[in-house]
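Student: One predicted model, sequence on top.
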There are 2 protein chains.
Amino acid sequence: MEWKVEKAIQDEYPAEFAWCYGCGHLNEEGHHFRTGWHQNGTQTITFFTPKAAHTALPGFVYGGMIASLIDCHGTGSASLALHRKNGHELGEGAEPPRFVTASLRVDFIKPTPHGVPLKAIGTVTEIHPKKWKVDSEIFANEQLCARGEVVAVVMPKTFLTKE
Amino acid sequence: MEWKVEKAIQDEYPAEFAWCYGCGHLNEEGHHFRTGWHQNGTQTITFFTPKAAHTALPGFVYGGMIASLIDCHGTGSASLALHRKNGHELGEGAEPPRFVTASLRVDFIKPTPHGVPLKAIGTVTEIHPKKWKVDSEIFANEQLCARGEVVAVVMPKTFLTKE
């Protein structure tokens, strides 16, 4: 298995939206989460290997890191789905829609082992044209460690004007 | 207002529990969240000033950072409450109980401005002797920006043996 998403929605966010600490490609200190379609199907995928410091206790991944992964995997997945609904696929050059998180829920199923890549798999549901739900499962060593739910909404234009 | 918690529960976690990326005092790269009683009352408080990189967009705080703050503020608050129920206060030298997060929920009320200290205020409820709920409100510039709920459980001993 290749632990890399080939085409990621975050690579195509325009520069003003590329500063997210979780997934912005211009944020040098950030996590650089990258989310794409899973096996060209209808689910989405993000990989992430936590750094040495990202522990809860030695040997286990910090829960806030898993929450962060679920958050950006959620907004990225919603963007992928709306982009496709709008008739676009990655690599075409069309600007993808950008979402913000309205709510985030994480259920920690079992302690997540540190030192292996994590895999987030997402299932996207349209609630409303501007509001999408992403259910995620987080795997380490192919074991389900956490479940997440993100409700993401199309970013209001006011975000860029700091109103 | 002093943006510092005088006595924090995390300062008293024993060394083996002090490696959390969010709140472990031994994790050099971590956030060092510190949670104490709010004005010596029954609510809890944690302050955090996000770093320059912790943005969602320029000018706004990254949601995963807020989720992380709510997570550790939740486990720390639960620990404070059970410690008190057990007859102990901070500074006495008794070892506090350590919690892990079972579930985390964040509702993002409004965009959180970057560049100012954040304040988390927690209200702790006992669900079961080993399971506590912490409702949190996150303020920036005294404005409510997010609400959180953490269900925290007393850490199983297996965590330290990496089972």
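Tutor: Nice, I can see it.
Student: contacts and neighbour counts: CA atoms only from here.
Tutor: Noted.
Student: Look up how far B:Thr46 lies from A:Gly91.
Tutor: 44 Å (Cα to Cα, to the nearest Å).
Student: In terms of packing, which of these two has more residues around it?
Tutor: Taking other Cα atoms under 10 Å in any protein chain shown, A:Gly91 and B:Thr46 do not tie; B:Thr46 has more neighbours (27 against 12).
Student: close to chain A, is the helix or strand hosting the more buried one?
Tutor: Assessed by DSSP states H and E, B:Thr46 sits inside strand B:44-48. No. Contact of strand B:44-48 with chain A is not found when judged by Cα under 8 Å from any Cα of the partner chain; the minimum separation is 14.6 Å.
Student: and that strand, how far out from the chain's middle?
Tutor: 7 Å (Cα atoms, centre = their mean, to the nearest Å).
Student: same deal with stretch A:116-129?
Tutor: The answer for stretch A:116-129 is 7 Å, by Cα atoms, centre = their mean.
Student: these two touch, right, A:Gly22 and A:Arg34?
Tutor: No. Contact status for A:Gly22 versus A:Arg34: not in contact, 9.3 Å apart, counting by Cα atoms under 8 Å.
Student: between the two, which one's more packed in?
Tutor: Set A:Gly22 next to A:Arg34 and count neighbours by other Cα under 10 Å: A:Gly22 wins out with 29 against 26.
Student: A:Gly36 versus the residue nearest to the spatial centre of chain A, what's the distance?
Tutor: Centroid-nearest residue in chain A: A:His73, 1.1 Å away (criterion: Cα atoms, centre = their mean). Separation of A:His73 from A:Gly36 (Cα to Cα): 9 Å.
Student: likewise A:Cys23?
Tutor: 12 Å.
Student: These two - which one has more neighbours?
Tutor: A:Cys23 (28 against 25).
Student: sorry, back to before: the residue nearest to the centre of chain A in helix, strand or coil?
Tutor: Of the three states, A:His73 takes helix according to DSSP: H, G, I helix; E, B strand; the rest coil.
Student: Over to A:Gly64?
Tutor: Three-state assignment for A:Gly64 (three-state DSSP): helix.
Student: again with the one 3 residues further on
Tutor: The local conformation at A:Ala67, judged by three-state DSSP, is helix.
Student: That one: how many residues sit nearby?
Tutor: 30.
Student: A:Pro129 too?
Tutor: Neighbour tally, A:Pro129, other Cα under 10 Å: 10.
Student: any idea how far A:Leu82 is from it?
Tutor: 8 Å.
Student: Also A:Gly30?
Tutor: 25 Å.
Student: The two: who's more crowded?
Tutor: The residue with more neighbours, out of A:Gly30 and A:Leu82, is A:Leu82; 22 against 17, by other Cα under 10 Å.
Student: Skipping its backbone neighbours, what lies nearest A:Met155 in space?
Tutor: A:Phe99 (4.8 Å; Cα to Cα, 6 or more residues apart in numbering or on different chains).
Student: Count the residues that sit near that neighbour.
Tutor: If you count neighbours by other Cα under 10 Å, A:Phe99 ends up with 24.
Student: for it, what are its contacts?
Tutor: Contacts for A:Phe99 (Cα atoms under 8 Å, 6 or more residues apart in numbering or on different chains) come out as A:75-76, A:78-79, A:152-155.
Student: Now tell me which of those the prediction trusts least.
Tutor: Lowest pLDDT within these is found at A:Met155 (91).
Student: wait, that one sits on A:Arg98?
Tutor: Yes. Assessed by Cα under 8 Å, A:Met155 is found in contact with A:Arg98 at 5.8 Å.
Student: Now do the strands in chain A.
Tutor: Taking DSSP state E as the criterion, chain A carries its strands at A:35-37, A:44-48, A:99-108, A:118-128, A:131-140, A:143-154.
Student: joint contacts of A:His73 and A:Gly36?
Tutor: What both A:His73 and A:Gly36 touch, as defined by Cα under 8 Å, 6+ apart, is the set A:45-46.
Student: List the neighbours of the strand holding B:Thr46 that are in contact with it.
Tutor: Contacts for strand B:44-48 (Cα under 8 Å, 6+ apart): B:3-5, B:33-38, B:69, B:73, B:77, B:117-123.
Student: Pairing partners for it, with directions?
Tutor: strand B:35-37 (antiparallel), strand B:118-128 (antiparallel) (DSSP bridges).
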